[in-house]
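[1] Can you look at this prediction? I've put the sequence above it.
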Amino acid sequence: MRPGIALIGRLVCLLAGIWIACSGLPALAATTERIVINRFSGVAIEGFDPVAYFVDGGAMQGTAQFEANLWGAVWRFRNEGNQASFLAHPEVYGPQFGGYDPADIARGVVVAGNPRFFVISAQRLYLFSREDNRDAFAANPERFLYEVGKRWPALQDKLGQ
């Protein structure tokens, strides 16, 4: 066998192994979108029900049985009532800043929030990329929201370009 062909064969095997190893990992959230979505399925906030944070007090997975399309994203809900509430008032139940972490936005960067790290403040849902961001925000939301107010419009304009 020629040395070049053997090298190509090893490279193909290596790439196939990497692909197989990574295929079971969850898809990363798109960071060029105005809403944090799974770039392959279009599902927002990893399929968690945005209304459940308010009604159930925590992060609860929605189902494909109760879906709605809004803002270029697929939203999932635990039941028909949550779905109807969201569609009636998406500005209330949808995560603020499209699901991006407000603590990171305050620093001038856009990082997708993790639906498991959340705060409800002033009847609005905020998602965070890390627990320490969530804790810092919860201690002083007004400070973060002031900084976000200055930075978010410019950052938002860059999303989806």
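    Noted; the coordinates are in hand.
[2] Do a quick rundown of the helices in this protein.
    Here the chain has its helices, by DSSP state H, at 3-22, 52-55, 80-88, 90-93, 102-106, 131-139, 141-158.
[3] gap between the last one and the chain center?
    Okay, so that is helix 141-158. Centre-to-centre, helix 141-158 and its host chain are 17 Å apart (Cα atoms, centre = their mean, to the nearest Å).
[4] got a list of contacts for it?
    Helix 141-158 is contacted by residues 34, 97-98, 102-103, 105-110, 119, 121-122, 126, 136-137 when judged by Cβ atoms under 8 Å, 6 or more residues apart in numbering. The C-beta positions use only the backbone N, C-alpha and C, and glycine is treated the same way.
[5] 6 Å instead?
    Residues outside helix 141-158 that contact it (Cβ atoms under 6 Å, 6 or more residues apart in numbering) are 102-103, 105-106, 108, 110, 121, 137.
[6] List only those of those residues flagged as buried.
    Taking 16 or more other Cβ atoms under 10 Å as the criterion, what is buried in the contacts of helix 141-158 is 102-103, 105-106, 110, 121, 137.
[7] in stretch 68-82, what's buried?
    Residues of stretch 68-82 classed as buried: 68, 73-79, 82 (neighbour count, 16+ other Cβ under 10 Å).
[8] Over to stretch 150-161?
    By 16+ other Cβ under 10 Å, the buried positions in stretch 150-161 come out as 151-152, 155, 159.
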